[in-house]
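In: Sequence plus predicted model, see below.
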Amino acid sequence: MNPHIINTPRLQLIAASHKLGEAELVDRREFSRLLDAEIPENWPPPDNDETTMKWFQDRLNENPANYGWLAWYIILKNDGLGKRMAIGGCGFKGAPDEKGWVETGYGIMESFHLKGYATEALNGLLKWAFGHPETKSIFAETVTGNFASLAVLLKNGFRLVGPGSEEGTIKYEITREEFLL
């Protein structure tokens, strides 16, 4: 079993390696081959532009131990036509800090919204993260009024903890104990 692949009922999450991240930036055909999935024409998902992709690559280059604690690709195992399809991304901003806290985020291609994929992907990611004993708490920030994102967090057991780090954002958290209940 590969610790950098997460399987859920409908999805497969694949941790971004150096090779995958580089292919995503420069070679769409190779990226598709490495993921063994079709890549939508309008890839990448929201809030995951070239700057974001390079940020994740730089963090992985700085510390290879971050593999798994950065970006993950969300693959729909069967798009209804018998094909695998890249539909979004999720991940963390790095390994848990000294308190055991880690920040998560996610994004799904618009044509795949409202099907529960973000909720399912985040749940798989939470199981993976809390499978590491150093992870004590996971938090996420969302824009006030982003009801779809809020629903994903609430369905996964997150609770409001206060304002986010930027104007107009709110912060949600789930602890190991809350997740394992």
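Out: Nice, I can see it.
In: elements contacting the lowest-mean-pLDDT helix or strand in the chain?
Out: None of the helices or strands of the chain scores lower by mean pLDDT, DSSP states H and E than helix 50-62, at a mean of 89. Packing partners of helix 50-62 (3 or more C-beta pairs under 8 Å, 6 or more residues apart in numbering; DSSP states H and E): helix 18-26. Heads up, the C-betas are built off the backbone N, CA and C, glycines and all.
In: what's next to the next helix or strand after the helix it packs on, contact-wise?
Out: For helix 18-26, the succeeding helix or strand toward the C-terminus, using DSSP states H and E, is helix 28-35. Helix 28-35 has contacts (C-beta atoms under 8 Å, 6 or more residues apart in numbering) with 14, 19-20, 23-24, 38-39, 43, 73, 75, 84, 86.
In: what's the closest of those residues to N61?
Out: The nearest member of the contacts of helix 28-35 to N61, counting by C-beta to C-beta, is K19 at 12.3 Å.
In: so what's R84 up against?
Out: Residues counted as contacts of R84 (C-beta under 8 Å, 6+ apart) are 12, 35-38, 75-78.
In: How about the secondary structure of I138?
Out: Of the three states, I138 takes strand under DSSP: H, G, I helix; E, B strand; the rest coil.
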